[in-house]
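Student: Sequence first, predicted coordinates after that:
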Amino acid sequence: MAIIDHLVVAATELEAGARWLEAHLGVRLSPGGAHHAMGTHNRLLKLGPQFFLEIIAIDPAAAAPARPRWFALESRQMQARLAERPRLIHWVARSTGIVAESAACPEPLGPPMTMRRGNFEWLITVPDDGHLPGDGLVPTLIEWRVPQHPADGLPDTGCSLMKLEGFHPEPARIRDALTRLGLNQALAPHPTVPGEAPALLAYLKTPLGLREMD
């Protein structure tokens with residue numbers, strides 16, 4: 001059974017995005033690293049034991065991959081959203097049987113890829129076209145191949161996740177996928193207002209009080 005591993009916030013530029021997020025949450029982010037296979041880099045924030053938030057952006061100094069980047073970062077729709085400000089676009093769930101669990105999910109999660117960053121190595125599902133499963137509401141699956149977890153070495157800044165919810169034109173479809181993954185208690189899907197785009201919303205406890213991230 002999968003469990004929530006981390007939240008994904010995206011920005012058009014990492015340094016500016018990190019400054020915005022630090023001001024919004026009232027904390028300092030920790031260094032992350034580069035994902036050479038995807039041409040991206042990130043910063044990190046601990047939200048609890050083996051649970052964190054990452055802010056990720058395309059790395060302008062990295063070579064462009066020969067395939068679409070993950071999390072739909074290159075799509076025109078995503079770039080238009082991020083032009084306004086950093087956005088919570090997705091979440092990732094930790095698996096101990098990524099092949100079987102991804103095959104059981106009715107939403108196409110993509111094949112597991114081997115990824116590395118520094119001392120970390122993991123398998124992660126990435127659709128061939130880079131799209132966000134379930135418009136961002138169905139999680140990507142990750143299976144860590146090393147004993148340590150990225151959150152283990154991060155400082156406790158007093159931030160934690162209070163609630164995660166999503167809005168989608170087909171909430172029953174999202175709910176079914178989450179149930180198949182054993183994650184129906186992790187996120188509450190609600191119907192969108194007609195014409196409204198799917199959205200992910202997190203309520204975070206921070207030193208500044210309760211903060212929303214969408």
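Tutor: That came through, no problem.
Student: what does the model give M1 for pLDDT?
Tutor: Note on M1: pLDDT of 69.
Student: right, I mislabeled it, should have said G195
Tutor: pLDDT for G195: 86.
Student: Equivalent analysis for the one 5 residues further on, please.
Tutor: The predicted local distance difference test score for L200 is 98.
Student: can you give me how far stretch 204-214 is from the chain middle?
Tutor: Centre-to-centre, stretch 204-214 and its host chain are 17 Å apart (C-alpha atoms, centre = their mean, to the nearest Å).
Student: Repeat that for stretch 4-21.
Tutor: Centroid displacement of stretch 4-21 relative to its chain, using C-alpha atoms, centre = their mean, is 10 Å.
Student: mind listing what's buried in it?
Tutor: By neighbour count with 16 or more other C-beta atoms under 10 Å, stretch 4-21 contains the buried residues 4-12, 14, 17-18, 21. C-betas here are computed from N, CA, C, even on glycine.
Student: again with stretch 179-195
Tutor: Using 16+ other C-beta under 10 Å as the test for burial, stretch 179-195 gives L181, L183, A186, L187, A188, P189, T192.
Student: Out of the residues you listed, which comes closest to M78?
Tutor: Among the buried residues of stretch 179-195, T192 lies closest to M78 (C-beta to C-beta), at 17.9 Å.
Student: Bridged to the nearest residue to that closest one once chain neighbours are set aside, which residues?
Tutor: In space, and not counting its chain neighbours, T192 is closest to F167: 4.6 Å by C-beta to C-beta, 6 or more residues apart in numbering. Under DSSP bridges, the beta-bridge partners of F167 are H190, A199.
Student: these two touch, right, F167 and L187?
Tutor: No - with contacts counted by C-beta atoms under 8 Å, F167 stays clear of L187, the gap being 10.8 Å.
Student: Where do the helices of the chain begin and end?
Tutor: Assigned by DSSP state H, the helices in the chain fall at 14-25, 76-84, 98-104, 171-181.
Student: Give me the helices and strands touching the last one, please.
Tutor: Based on contacts counted as 3 or more C-beta pairs under 8 Å, 6 or more residues apart in numbering; DSSP states H and E, the elements that helix 171-181 packs against are helix 98-104, strand 188-191.
Student: Turn the ones you listed into a markdown table, including distance to L44 and mean pLDDT.
Tutor: Output for the helices and strands packed on helix 171-181, formatted as a markdown table (distance: least, C-beta to C-beta, whole Å; pLDDT from 0 to 100):
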| stretch | distance to L44 | mean pLDDT |
| --- | --- | --- |
| helix 98-104 | 22 | 95 |
| strand 188-191 | 26 | 95 |
